[in-house]
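Novice: Fold the following for me, if possible:
(2 chains)
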Amino acid sequence: MRRGRLIAAAVAALALVGAAGLAAWHGSRTCGWIDRALGRSGCLGTVVFEGVAPSRNSIAQPLGDGRVVMAVEMRTPDGWRPGLLVFDPETGAEGGRYPLPLRGGVARLFLSPDGARLLIACGVIRQSCTESGGDAVVTQRDDLRVFADAPVEGRSLTAYPGTPTPPEAYGFEAVFAARGSRILAGGSTRPLVLLDADGSRIAELARHDMSAFPAAVSDSGIIARGEPGAPERGGDRLRFWDVQDGAELGRVEGSAGWRLRAPPFWSEDGASLFVPRSQRGVMLLDRFRAP
Amino acid sequence: MTRALLLVALLLGGAGFALSRPCGWAGQLAGGGGCLAAFALRDLAVTGDTLATDAQGRLIVGGIDYRPGRRDRLQAQMVVATLDPATGAEIARADLGMQGRPEQLRLSPDGTAMAISCNALYTCDLPGGSQPRETRVMLFDRDGERRWSAGIAHRHAPPDADGRAFELGFSPSGNVVFAHVAFDAASGQVILTRQQPLPDPNARLPAGAEIRPGDTALALDLPDDFIPFLRLDSARSPDGDRIAILARRFSGPGKLRAAIRIHDIATGRLLAAHDIDRELAPAILWHPQRDAVIVALAGKPAAGADSELRLYAAGAGE
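Specialist: This is a model prediction of the structure:
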């Protein structure tokens, strides 16, 4: 009898130790509870969106009121369909999921400079994605239910049509940053370089990497990029640079299995970086403190 | 004693669940929620506008029988079931011998043939491999034997975001199938004809604040956070005086998943409103004998997935 109790106690203790070990291992991963408590990676928390699958094209567009809109695939009664997700990235509160009049795939979004219109364009490779066979539709920021076809010249858009973009010589990925005083060029097929407005090179920030995500520049002047980490770590990493001189400000090395699914984006005040990930039909949005 | 008490508690709990669940016995008896009946669909998930009535007034339901395939993959076998409209009992089932996602099902006027088109974005498999640049349309007899199969190129009939490339229909004589072009129903050859398709009582309408099925605008009066699919499904009553509109929530959280609104077309008067907390398939059909409409619960893509047809009162005395 006593021996049986001892065995039961030993089994219970083993189970407890195992559970504690598992919880500790889980918590110590990037954005786990131990990681957050110790402030190791700078992760502040994670919000979850059920039935949402972002892709590499899912670049969040700020709507100017703290919320953002992303083009993603969504779980619907009919299966996964392309749609627009409006949400507050800090709280995870959803502002609506809207169907897109597109024939599959995830589109790219561009907000007009006055913030009134949202252009939704096909991917660079995929073409004729709209119901009428066009390459883009436009909708109103305040009512994402009404769409009209929008003609676009070329599918390699990097900004809303009509807004200034760097000369073609800098490549299709080049964008203006720091209110037009800098050009951020390359990233996937060419090295990621920082140039001044005249095109003089300030710094080479990173080697070219087809797996890297487009860099995001905050209003406070920090460049962030998500890219694959060292193969032995098995996770992705974040890198940060100063937009003025290209100095590296910090890195976050993700733990094994921590993989980005869509490009990171900044909060409107530049205090937080949001990193979309994906896990079995759920989008996880990790929030990091700016370095 | 303890076991007896447990058994009683279990039985009471089960009965309470059966009574209280949507379209449960209590709800049906009291007419609560407007759900009049529920018919179980075994091994059949409805995936499109594939509910119809044959010349004998029986219900025809097209969909997918999901079966386990190799390496955890599913086989989406296309099937058509014939049901007794009074009891929902299955009378017959035809295996169409193809995999895919039926998007529209239409019966010939004499009820001897079934035209089925596939979702253009989730195309039907063919023995020689799928042809994703085409939308497939097939004609079967009622036993599920395929008479012919054809493809309509996307460049000729581009599919919409829901995967529909054309409206499928028969001519009044039944010897022509309309699927963007006209097909001879006997041979499957494209023909030139002066015939027109039969008017379809089931039409899709663009979602918006107002719906205009006729001269009168109808307001669906849905909550602000209810964002439907781009198109609504509808069914006209056999006398043509009423229209039932089905709006389904596109995605995301919210208790209300679908809504049925039934209006008098001439006056726009709302005759019945049903708010539904389950996901529905994009299909609605007027019941052949009762003053009710039929909808189908959306089935999950899983081996052996079942579904359910539900009858909702049309608001004229049921």
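Novice: Contact partners for the residue nearest the centre of chain B?
Specialist: By Cα atoms, centre = their mean, chain B has its centre lying nearest to residue B:283, at 2.9 Å. Applying Cβ atoms under 8 Å, 6 or more residues apart in numbering or on different chains to residue B:283 gives the contacts B:46, B:48, B:49, B:50, B:51, B:202, B:233, B:246, B:295, B:296. For every residue, glycine as well, the C-beta is placed using N, CA and C.
Novice: ok, of those residues, which one's closest to chain A?
Specialist: Relative to chain A, the closest of the contacts of residue B:283 is residue B:48; by Cβ to the nearest Cβ it sits at 8.5 Å.
Novice: How many residues are close by the closest residue to that closest one other than its chain neighbours?
Specialist: Leaving aside its chain neighbours, residue B:48 sits nearest to residue B:103 (4.0 Å; criterion: Cβ to Cβ, 6 or more residues apart in numbering or on different chains). Counted by other Cβ atoms under 10 Å in any protein chain shown, the residues lying close to residue B:103 total 29.
Novice: Tabulate the contacts of residue B:283 (a markdown table), appending pLDDT, neighbour count and secondary structure.
Specialist: Below are those laid out as a markdown table (pLDDT from 0 to 100; neighbours: other Cβ atoms under 10 Å in any protein chain shown; DSSP: H, G, I helix; E, B strand; the rest coil):
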| residue | pLDDT | neighbour count | secondary structure |
| --- | --- | --- | --- |
| B:46 | 96 | 27 | coil |
| B:48 | 95 | 27 | coil |
| B:49 | 96 | 28 | strand |
| B:50 | 97 | 27 | coil |
| B:51 | 97 | 25 | strand |
| B:202 | 88 | 20 | strand |
| B:233 | 96 | 25 | strand |
| B:246 | 97 | 27 | strand |
| B:295 | 98 | 29 | strand |
| B:296 | 97 | 26 | strand |
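Novice: that older thread, could you look up the SS state of the residue nearest to the centre of chain B?
Specialist: With DSSP: H, G, I helix; E, B strand; the rest coil as the basis, residue B:283 sits in strand.
Novice: avg pLDDT for stretch A:234-248?
Specialist: The predicted model assigns stretch A:234-248 a mean pLDDT of 95.
Novice: if we can go back for a sec, so what's the predicted local confidence for the residue nearest to the centre of chain B?
Specialist: 97.
Novice: what does residue B:71 give?
Specialist: At residue B:71, the model reports a pLDDT of 74.
Novice: doesn't it fall inside a strand?
Specialist: No. Counting by three-state DSSP, residue B:71 falls outside a strand, being helix.
Novice: So what's the residue count around it?
Specialist: Other residues within reach of residue B:71, judged by other Cβ under 10 Å, total 4.
Novice: Ok, residue A:46 next?
Specialist: Neighbours of residue A:46 using other Cβ under 10 Å come to 16.
Novice: Residue A:36 now?
Specialist: Considering only other Cβ under 10 Å, residue A:36 is surrounded by 18 other residues.
Novice: State the three-state secondary structure for it.
Specialist: Per three-state DSSP, residue A:36 ends up helix.
Novice: Disregarding residues adjacent in the polypeptide, which is nearest to it?
Specialist: residue A:43 (5.5 Å).
Novice: need the contact list for the residue lying closest to residue A:291 once chain neighbours are set aside.
Specialist: Excluding the flanking residues, the one nearest residue A:291 by Cβ to Cβ, 6+ apart is residue A:250, at 3.7 Å. Listed by Cβ under 8 Å, 6+ apart, the contact set of residue A:250 reads A:42, A:239, A:240, A:291.
Novice: Farthest-apart pair in those, please.
Specialist: Across those, the longest distance by Cβ to Cβ is 12.8 Å; it joins A:42 and A:239.
Novice: what residues does chain A put near chain B?
Specialist: Residues of chain A lying near chain B by Cβ under 8 Å from any Cβ of the partner chain: A:50-51, A:74-79, A:81-83, A:94, A:96-104, A:128, A:131-133, A:145.
Novice: Of those residues, keep whichever come out buried.
Specialist: Buried by 16 or more other Cβ atoms under 10 Å in any protein chain shown: A:51, A:74-79, A:81-83, A:94, A:96-104, A:131, A:145, out of those.
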